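Visitor: this is the structure alone, sequence omitted:
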């Protein structure tokens, strides 16, 4: 098979070869190249030590214990090149106890996770494939290199990574590899929340995220990653719902139109409070206040995965307020309260969640009430005031109450603003000055 690497890649390799070193394109770069995918993330391996690599590329940088040097190219792209490695035992199931330089590319490939990632290409476009990665790539199979038990014992994160790759590439997982994941699923508890988060966001960002989450469940991993979600398996729902809580959550995710992994996560866990609030009334299941309990669980998940402050807050809001009322009887004030509660910036995402929720329940995508609600949100937002629209200011409040600057002034202005948000007709100077006097 004749392959032609891009000029910038072969040029980089030629410079290493001219300095007397063996160099190969390696890993996911080869996998994507063989699949015909556009690739902007090229990785290389070499017999040169980091110091020798930096001598060839003086503008490079090196700040890790794993032999990886970053080389900045003329177009600003970073090529990563790593010295052949051998790894010792993984006592903590996450990091090798020791790393030593290897002597051959085959030795380096033997330490990698899956066969489709354990291929290399040399400067002459020859494929080095000691573990049958090309065949597995052709057959769309994720298979561990060597004994899967050894690979997952070395680094338990590889179990989620297998699911993530299968989800992203639309591949299946090799039977022996999959059985090993099920047998070793509990090892995932050894992995940090940050590393789990990074893999989960990639699964949620894939084209078919619901299939990825179902695969996590089938592999026994979801019981450790999102046990609160797994508790919904088999839990029946009343009314218009055609699925149990767990299946409904998956189907809602499947229908979520948003490309944001965070909105997709909120959609997946929007009913995560239902198992904890399950009760029966007249023989039918109920889940009163499940959105309140679910929002608290969302905070727990966000902390577990070390989400950023902004992401935690948004996840909480989307889960907490997803049960908003859609009715032609809603007043403008009620719609303004909804917008204020979820935040202007989150309204579109909340609507995406609602539509996914409907579809995941077996309902139609929309209704005339929902369409009317959307139109009214657009119209009402044109008239939502800001605090600067108040017909009084801080000086007016201080003069009315005979006080100086301080937190009290701000609190009163905020209270006045809440009132005019509820009812813009109250934004009259005389009324606001009287209210300020009452609040003071």
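Guide: Perfect, I can see it now. Since the structure is predicted, the reported quantities are computational estimates derived from the model, not experimental observations.
Visitor: residue 412 - how many residues pack around it?
Guide: Residues near residue 412, counting by other C-beta atoms under 10 Å, number 24. (Each C-beta comes from the backbone N, C-alpha and C, glycine too.)
Visitor: which residues in the stretch 51-200 of the chain form strands?
Guide: 68-72, 78-83, 85-87, 99-101, 120-121, 127-128, 141-142, 172-173 (DSSP state E, counting those that start in this stretch).
Visitor: list the contacts of the fifth one.
Guide: Think strand 120-121. For strand 120-121, the surrounding residues in contact (C-beta atoms under 8 Å, 6 or more residues apart in numbering) are 3, 5, 24-27, 30, 33, 45, 105, 108-109, 127-129.
Visitor: partners of it in the sheet?
Guide: strand 23-26 (antiparallel), strand 127-128 (antiparallel) (DSSP bridges).
Visitor: pLDDT on it, on average?
Guide: Per-residue pLDDT values over strand 120-121 give a mean of 95.
Visitor: now do the longest one
Guide: On average, the pLDDT along strand 78-83 is 92.
Visitor: residue 157 against residue 193, yeah?
Guide: No: between residue 157 and residue 193 there is no contact under C-beta atoms under 8 Å: 11.6 Å.
Visitor: what do these two both touch?
Guide: With the criterion set as C-beta under 8 Å, 6+ apart, the contacts of residue 157 and residue 193 do not overlap.
Visitor: looking at these two, which has the bigger crowd around it?
Guide: residue 157 (22 against 15).
Visitor: and the helices in the stretch 101-250 of the chain?
Guide: Counting by DSSP state H, counting those that start in this stretch, the stretch 101-250 of the chain has helices at residues 105-109, 133-139, 148-154, 157-169, 175-184, 193-205, 209-218, 222-225, 227-230, 245-255.
Visitor: give me whichever of these is most buried.
Guide: For those, the largest average neighbour count (mean count of other C-beta atoms under 10 Å) is found in helix 157-169, namely a mean of 25.
Visitor: what's the angle between that one and helix 193-205?
Guide: Between helix 157-169 and helix 193-205, the angle formed by their directions is 20 degrees, by axes from the mean of the first three to the mean of the last three C-alpha atoms, to 10 degrees.
Visitor: what's the closest non-adjacent residue to residue 243?
Guide: residue 251 (6.1 Å; C-beta to C-beta, 6 or more residues apart in numbering).
Visitor: and the gap between the closest residue to residue 151 other than its chain neighbours and residue 319?
Guide: Excluding the flanking residues, the one nearest residue 151 by C-beta to C-beta, 6+ apart is residue 144, at 4.5 Å. Going from residue 144 to residue 319 by C-beta to C-beta, to the nearest Å gives 36 Å.
Visitor: please identify which of the two sits among more neighbours.
Guide: residue 319 (29 against 26).
Visitor: please, which helix or strand holds that one?
Guide: If you go by DSSP states H and E, residue 319 is part of helix 309-320.
Visitor: give me the mean pLDDT for that helix.
Guide: 98.
Visitor: so what does whichever helix or strand comes after that helix touch, helix or strand wise?
Guide: Per DSSP H and E, the first helix or strand lying C-terminal to helix 309-320 is helix 332-342. Applying 3 or more C-beta pairs under 8 Å, 6 or more residues apart in numbering; DSSP states H and E, one finds that helix 332-342 contacts helix 309-320, helix 368-381, helix 407-422.
Visitor: tell me the domain ranges of this protein?
Guide: 7-139, 140-225, 226-384, 387-439 (automatic domain parsing).
Visitor: now, of these, which is deepest in the fold?
Guide: Among these, ranked by average contacts under mean count of other C-beta under 10 Å, first place goes to domain 140-225 (a mean of 20).
Visitor: can you redo the helices and strands packed on helix 332-342 as JSON lines with distance to residue 84?
Guide: Listed next are these as JSON lines, based on distance: least, C-beta to C-beta, whole Å:
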{"stretch": "helix 309-320", "distance to residue 84": "38"}
{"stretch": "helix 368-381", "distance to residue 84": "58"}
{"stretch": "helix 407-422", "distance to residue 84": "63"}
